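Engineer: I would like to see how this sequence folds:
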Amino acid sequence: MIPFTMHGSHILSTGSAVPDICINNELISTVIDTSDKWISTRTGIKERKIIDTNQSIVDLATLASHEALKKGLLKPQDLDLILFATSTPHDLFGSASQLQNCLGASNAAAFDITAACSGFVIALIVAHQFIQTGIYKNILIVGADTLSQWVDWSDRTTCILFGDGAGAAILQRSLKNDILSFEINTNGHESHQLSINYNYPKNHCTGNDTYTELLFNQKYNNQYDYLTMNGKEVYKFAVSQVPTSINNCLQKIHRPAKDITWLLLHQANQRILEAVANKLKIPIHQVISNIQFYGNTSAASIPIALNEAFDTGHICNRDVIAIAGFGAGLTWGSILIQWNALE
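Structural biologist: Next comes the predicted model:
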């Protein structure tokens, strides 16, 4: 019997891409009853990037992936697996295979992970399992969403929050392990607090019509509702569960919160970032935040911020990064990383 060997996982490189169209608060205030002060005070958001009609989520994911491959000095053929975290695929059956084709990553298996704003963290954890067990060596993890296409732009409680984007990271097998601990949680009982529900057809049969006839005659349209969110409940959920999740990860490795160099949370609301940091007693200057420029980009928010943190030199060798995603499902997950620069 071959002995089981655990391998280490290393974040080799990152990348990101956002659309060119910028919608700032002033522009939104000309369409709906709001203002820059009202939005920025409550959310920290000043602007968001919105995808154009001639661009798809796969286009954004491809750009972010190419950047990660270039930085990692890898070719698409070097990839063994592609994990595409998104809740807004270009194809309802999933977009990972389309991304694989666009990249020319002919040796990679590919599949989607649907977990909304927690998607990238969960995909990172899944990738780590494949690395640990020795199944794969190079895994591309992409978080991307285009929720601007799913919000009601007349509803100021939701449309002000969301932007579009994509972020990518390559996890590679390594002698040194960057992943210290992780945790994933779900509370499906509260899924109605943040959702995009399918609008089921109603049976309006008359005379000799049957439900089957309605289906085959296509007398209704398949469609989803707009995104709906109970902002107060989602806020309470995030500020209560995320600190607990991160503390649980710290306890698993017997480390205190003061060992955290950077706190990187899903960029949902600046007030959530500050509240979680306060509960963990982490100074605000150690909180990575770019929400003012992009809004809530769902599964893309963490990898976009992570890429910018690497690009600006904020993350250095042996830094401990606490990462947490939270959102629809309700799902939330945390992962502790101690980044080891390659020698």
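Engineer: figure out how far stretch 247-260 is from the centre of its chain.
Structural biologist: Centroid separation for stretch 247-260 versus its chain: 23 Å, with CA atoms, centre = their mean, to the nearest Å.
Engineer: send the alpha carbons of stretch 298-311 over as PDB?
Structural biologist: These are the backbone C-alpha positions of stretch 298-311, laid out as PDB (Å, rounded to 0.1, in the frame of the first residue of the first chain):
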ATOM      1  CA  SER A 298     -19.600  39.200  -5.000                       C
ATOM      2  CA  ALA A 299     -17.200  36.200  -5.700                       C
ATOM      3  CA  ALA A 300     -14.700  38.600  -7.400                       C
ATOM      4  CA  SER A 301     -14.200  41.000  -4.400                       C
ATOM      5  CA  ILE A 302     -11.700  39.000  -2.500                       C
ATOM      6  CA  PRO A 303      -9.400  38.000  -5.400                       C
ATOM      7  CA  ILE A 304      -9.500  41.500  -6.800                       C
ATOM      8  CA  ALA A 305      -8.400  43.000  -3.400                       C
ATOM      9  CA  LEU A 306      -5.900  40.200  -3.000                       C
ATOM     10  CA  ASN A 307      -4.300  40.900  -6.400                       C
ATOM     11  CA  GLU A 308      -4.100  44.600  -5.600                       C
ATOM     12  CA  ALA A 309      -2.500  43.900  -2.200                       C
ATOM     13  CA  PHE A 310       0.200  41.800  -3.800                       C
ATOM     14  CA  ASP A 311       0.700  44.400  -6.600                       C
END
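Engineer: quick one: average confidence on it?
Structural biologist: Stretch 298-311 shows an average pLDDT of 97 in the prediction.
Engineer: ok, stretch 167-181 next?
Structural biologist: Averaged over stretch 167-181, pLDDT sits at 95.
Engineer: and what of stretch 190-201?
Structural biologist: The pLDDT scores in stretch 190-201 average 84.
Engineer: domain-wise, how is this protein divided?
Structural biologist: What the record gives for the chain is the domain set 8-176, 180-191+227-338, from automatic domain parsing.
Engineer: residue 198: which of those is closest?
Structural biologist: Set against residue 198 and scored by CB to CB, the domains of the chain come closest in domain 8-176, at 10.8 Å. C-beta: built from backbone N, CA, C; applies to glycine.
Engineer: just the terminal-to-terminal distance for the closest one.
Structural biologist: Domain 8-176 stretches 5 Å from its first residue to its last (CA to CA, to the nearest Å).
Engineer: so what's the gap between that domain and the chain middle?
Structural biologist: Relative to its parent chain, domain 8-176 has a centroid offset of 6 Å by CA atoms, centre = their mean.
Engineer: then stretch 297-306?
Structural biologist: 5 Å.
Engineer: sorry, back to before: output the domains of the chain as a markdown table; include the columns mean neighbour count.
Structural biologist: Shown next, in a markdown table, are those (neighbours: other CB atoms under 10 Å):
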| stretch | mean neighbour count |
| --- | --- |
| domain 8-176 | 21 |
| domain 180-191+227-338 | 20 |
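Engineer: reformat those domains as CSV; add distance to residue 197.
Structural biologist: Formatted as CSV, the domains of the chain follow (distance: least, CB to CB, whole Å):
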stretch, distance to residue 197
domain 8-176, 11
domain 180-191+227-338, 8
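Engineer: residue 23 pairs with what?
Structural biologist: For residue 23, the beta-bridge partners are residue 48 (DSSP bridges).
Engineer: let me redo that: residue 322
Structural biologist: Bridge pairing for residue 322 - DSSP bridges - gives residue 263, residue 336.
Engineer: low-confidence regions, the protein specifically.
Structural biologist: 1-5, 200-222, 343 (pLDDT under 70).
Engineer: which residue is nearest the centroid of it?
Structural biologist: Centroid-nearest residue in the chain: residue 299, 1.4 Å away (criterion: CA atoms, centre = their mean).
Engineer: helix, strand, or coil at residue 251?
Structural biologist: Three-state secondary structure (criterion: DSSP: H, G, I helix; E, B strand; the rest coil) places residue 251 in helix.
Engineer: how far away is residue 330 from residue 242?
Structural biologist: Taking CB to CB, to the nearest Å as the criterion, residue 330 is separated from residue 242 by 11 Å.
Engineer: any idea how far residue 68 is from the nearest residue to residue 298 once chain neighbours are set aside?
Structural biologist: Nearest residue to residue 298, sequence neighbours excluded (CB to CB, 6 or more residues apart in numbering): residue 145, at 3.6 Å. Look at residue 145 and residue 68: by CB to CB, they are 17 Å apart.
Engineer: in which helix or strand does residue 237 reside?
Structural biologist: helix 231-252 (DSSP states H and E).
Engineer: strands along the stretch 201-343 of the chain, start to end?
Structural biologist: Here the stretch 201-343 of the chain has its strands, by DSSP state E, counting those that start in this stretch, at 223-224, 228-229, 262-265, 320-327, 331-338.
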